[in-house]
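Q: show me the folded form of this:
(3 chains)
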Amino acid sequence: MILPPEFYARDTVTVTQDLLGCLLVHQGKGGTAAGWIVEDEAYLKGDPAAHSYRGETKRNRVLFGPPGRVYTYLIYGLHTCVNVAMGPVGTGEAILIRALEPAFGVDLMQKRRGMDDPLELASGPGKLTEALGITMDLNGTSLCTGPLQIWSPDSLPDRRPEGWPGEIVQTTRIGITKAADRPLRFYLKESRYISRR
DNA sequence: ATCAGGATTGGCT
DNA sequence: GCCAATCCTGATT
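A: Modelled structure (predicted):
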């Protein structure tokens, strides 16, 4: 089943861990594709590394809306990254989804990425958006009612992500310069589908 | 109006 | 390991 609004209306770090093993599904142009979430990061209130740190702007305004909405942004003029807006209205917290294990629509993901290796299809924040066809027009849509959704792994008992349920590893976040020491990155220890750098 | 820099990736040394 | 690609946003002049 699709994760309900109540799932997101909880502590951000808790939800960041609970999202591991859940299925990110996108019903987009060209078809549907999905992957298990195996790596993600939390960006909190008062966090210098968070896009919301300097207050609300045109770009980050969905972060300050209700939890459970999609926040997308363009990085390095090349790649789209996808987040879940978190915290009560006005808080501006977020969860960055960093890596997926391909699960459904793998052929479509391969076509979009222009490569075959399942280990490389969605093992990074820019890779996974390309593989699922996630673009900036999804910014602000609801994960509970929109074309991009997150499903509970318990509702799909026939297939399981590698290493789930299992040990969750917590480390520092990747690719940031501010607040680089905060341990807010989480991933499934036994998964081979984690981002490299 | 201008400009520095970024929650990345892929290719080359 | 190093570096270019590529462009939008936010801060500054």
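
Q: around DNA strand C, pick out the residues from chain A.
A: Counting by CB under 7 Å from any atom of the strand, the residues of chain A close to DNA strand C are A:54, A:57, A:58, A:59, A:60, A:74, A:76, A:77, A:78. Every residue, glycine included, has its C-beta placed from N, CA and C.

Q: let's see that with 10 Å instead.
A: Proximity of chain A to DNA strand C is confined to A:51-61, A:63, A:73-79, A:126, A:136, A:139, A:196-197 under the rule CB under 10 Å from any atom of the strand.

Q: which among the residues you listed end up buried?
A: Listed as buried from the residues of chain A next to DNA strand C are A:51, A:52, A:53, A:60, A:63, A:73, A:126, A:139; burial here means 16 or more other CB atoms under 10 Å.

Q: turn those residues into TSV, columns for pLDDT, distance to DNA strand B and secondary structure.
A: Converted to TSV, those look like this (pLDDT from 0 to 100; distance: CB to the nearest atom of the strand, whole Å; DSSP: H, G, I helix; E, B strand; the rest coil):
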residue	pLDDT	distance to DNA strand B	secondary structure
A:51	98	4	coil
A:52	98	7	coil
A:53	98	9	coil
A:60	98	8	coil
A:63	98	7	helix
A:73	98	7	strand
A:126	98	3	helix
A:139	98	12	coil
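
Q: all strands for chain A, in order.
A: For chain A, the strands defined by DSSP state E cover A:23-28, A:31-43, A:70-75, A:79-86, A:93-104, A:148-151, A:168-171, A:185-188.
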